[in-house]
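[1] got a structure for you, letters missing:
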């Protein structure tokens, strides 16, 4: 079965119907497109296209076939698209059977906010860090706008985003857990805590970059209890490392601190970007 927290889905459906944020009124959007940036939590096929196809049980519950996702059903980004009556997002890297009329997905499994001096083959770290995803987004905007305006017939435009829809799109950022995992793996606790503000700064700069290009509506997700993931527990089975739920306590503590700093920065961005609707969506750890 699909493993999705129903309370999170309900919250998200409220977010994408948002009419006000922090007491400021915004025109209710009828979103015609979604642009997503992130890691495996919202990867709808970028990793499978760029590296290795997702194997079983990918897609077997909902899609009935391999669906290039790292789970057996849908992701939260899929539920967002469905709620907006939009098709599931096509990965930016996928050139077969795709349409980007209603947005694009730049998320790739293994991605980080900050570039890491590691590799996919060594530790599963993707070279498509958040800064690269935004370079791809900028190229996507420029090339699709050019092709749309050069097209002579409507059917040449049917898979291309309408340039006027870009500023009214929902922009989703769901990334950070791999930065925490890399910090846990490569640094001691004090070193990683010292580096965390820079990670948060990089994410905030990405939001500012989008805002400067006309984006006005953002959904920013925190990270979950990654200390409970089997991949992280595999090498840490000493009883004194685990909490009462059997999860890696130190890694979850890092995630809690990361989420706190992300939330604080979103609050500051609401003041800095007064014409933007920024929603911070959290899951409890």
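    Yep, that arrived. Since we're looking at a predicted model, the values are computed, not measured. Numbers count the residues shown, from 1 in each chain.

[2] so where's this structure shaky on pLDDT?
    Applying pLDDT under 70 to the chain flags the ranges 1-29, 236-237.

[3] Strands along that one, start to end?
    Here the chain has its strands, by DSSP state E, at 20-21, 24-25, 34-38, 103-105, 170-174, 217-221, 277-281.

[4] Just name the most buried of those.
    strand 103-105 (a mean of 28; mean count of other C-beta atoms under 10 Å). Where C-beta positions appear, they are placed from N, C-alpha and C, glycine not excepted.

[5] And the contacts of it?
    Under the contact criterion C-beta atoms under 8 Å, 6 or more residues apart in numbering, strand 103-105 has outside partners 33-36, 42-46, 77, 86, 89-92, 137, 140, 161, 169.

[6] Kindly write the PyMOL command that selects the buried subset of those residues.
    Only the buried entries of the contacts of strand 103-105 go into this PyMOL selection, using 16 or more other C-beta atoms under 10 Å:
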select buried, resi 33+34+35+36+42+43+44+45+46+77+86+89+90+91+92+137+140+161+169
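
[7] Please tell me how far the nearest residue to residue 70 once chain neighbours are set aside sits from residue 94.
    Excluding the flanking residues, the one nearest residue 70 by C-beta to C-beta, 6 or more residues apart in numbering is residue 40, at 4.9 Å. With distances taken as C-beta to C-beta, to the nearest Å, residue 40 is found 16 Å from residue 94.

[8] Tell me which of the two has more neighbours.
    Just comparing residue 40 and residue 94: by other C-beta atoms under 10 Å the higher neighbour count belongs to residue 40, 23 against 18.

[9] re earlier: quick one, what contacts the residue nearest to residue 70?
    Residue 40 neighbours (C-beta under 8 Å, 6+ apart): 47, 70, 107, 108, 109, 110.

[10] Make TSV out of those residues and add neighbour count.
    Formatted as TSV, the contacts of residue 40 follow (neighbours: other C-beta atoms under 10 Å):
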residue	neighbour count
47	27
70	17
107	30
108	31
109	26
110	23
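
[11] Please identify which of those is nearest to residue 187.
    Of all these, residue 187 sits closest to residue 110, with 18.5 Å by C-beta to C-beta.

[12] and the nearest residue to the closest one once chain neighbours are set aside, what is it in contact with?
    In this structure, residue 110 finds its nearest non-sequential neighbour in residue 126, 3.5 Å apart by C-beta to C-beta, 6+ apart. By C-beta under 8 Å, 6+ apart, the contact set of residue 126 is 39, 47, 50, 51, 108, 109, 110, 111, 112, 120, 178.

[13] Could you check how far the third one is from residue 120?
    Between residue 50 and residue 120 the distance, using C-beta to C-beta, works out to 9 Å.

[14] Repeat that for the last one.
    Per C-beta to C-beta, residue 178 is found 11 Å from residue 120.

[15] so what sits against both of these two?
    Joint contacts of residue 178 and residue 120 (C-beta under 8 Å, 6+ apart) are 110, 126.

[16] which residues in the protein form helices?
    6-15, 46-50, 76-83, 120-123, 130-150, 177-186, 189-212, 230-233, 249-272 (DSSP state H).

[17] so which of these comes closest to residue 100?
    Using C-beta to C-beta, the nearest of the helices of the chain to residue 100 is helix 130-150, at 6.7 Å.

[18] I'd like the distance from the closest one to the chain centre, please.
    18 Å (C-alpha atoms, centre = their mean, to the nearest Å).

[19] Check which residues of that helix are buried.
    For helix 130-150, by 16+ other C-beta under 10 Å, it's 130, 131, 133, 134, 136, 137, 140, 141, 144.
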